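Peer 1: have a look; sequence and predicted model below, questions after that.
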Amino acid sequence: MVEFSPVTKTDLAGILAIYNHYILNSTATFHSGKMSQKELEEFLFVSNPNYPSFMIKDNGETIGYCFLTQYKKRQAYDRSAELSIYLKQEFTGKGIGPVALNHLEAAAKKAGIRVLVGTLCGENHAIIRLMEKSGYSRCAHLKNIGEKFGKILDVVMYQKEI
């Protein structure tokens, strides 16, 4: 059974292990080199009531994490948040993404967030399908904006008013 618990400082090493895997092996993130804990804490907040972050566990085992973060660092955007979900590779495609997305939406509502945004690599078809099935609308398509692993990549953005 999938459970969520607030991220604590002691969880950050485990989060980094998951995130660094995606940095080094995928286009799920456009970071290109391993990240430090200090860099991680610039966008994944611990104990922030406006932008909560959660460990995802199954029978006590950490299988991923998800979080809300500032869409932009300007007061006008305080009603919005960007969301992210990362699962250990062996737990993708098992129906956990929709559960995590629902959990983030509930946490966002509780925090007073009214609009959620997902920024995705255009070739990440699984998460694009998840967003569309969950009622998110494509609001932007930035063509050829990024480059990773020698590939020129698109970025697509999805949003949902909650």
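Peer 2: Structure's in. What do you need?
Peer 1: tell me what the most centrally placed residue in the chain is bridged to.
Peer 2: Nearest to the centroid of the C-alpha atoms of the chain, with distances taken as Cα atoms, centre = their mean, sits residue 84, at 0.7 Å. Bridge pairing for residue 84 (DSSP bridges) gives the partners residue 67.
Peer 1: tell me the contacts of it?
Peer 2: 66, 67, 69, 118 (Cβ atoms under 8 Å, 6 or more residues apart in numbering). Any C-beta I mention is one placed from the backbone N, CA and C, and that applies to glycine too.
Peer 1: quick one: the third one and residue 44 touch, right?
Peer 2: This means residue 69. Yes - contact criterion Cβ atoms under 8 Å: residue 69 and residue 44 qualify, at 6.6 Å.
Peer 1: who has more neighbours, those two?
Peer 2: Neighbours were counted for residue 69 and for residue 44 using other Cβ atoms under 10 Å; residue 44 has more, 23 against 17.
Peer 1: quick check, pLDDT for that one.
Peer 2: On the pLDDT scale, residue 44 is placed at 93.
Peer 1: what touches both of residue 69 and residue 44?
Peer 2: Contacts common to residue 69 and residue 44, judged by Cβ under 8 Å, 6+ apart, are absent.
Peer 1: and the contacts of the lowest-mean-pLDDT helix or strand in the chain?
Peer 2: Sorting the helices and strands of the chain by mean pLDDT, DSSP states H and E puts helix 37-40 at the bottom, at a mean of 93. Defining contact as Cβ under 8 Å, 6+ apart, one finds that helix 37-40 is touched by 12, 13, 15, 16, 19.
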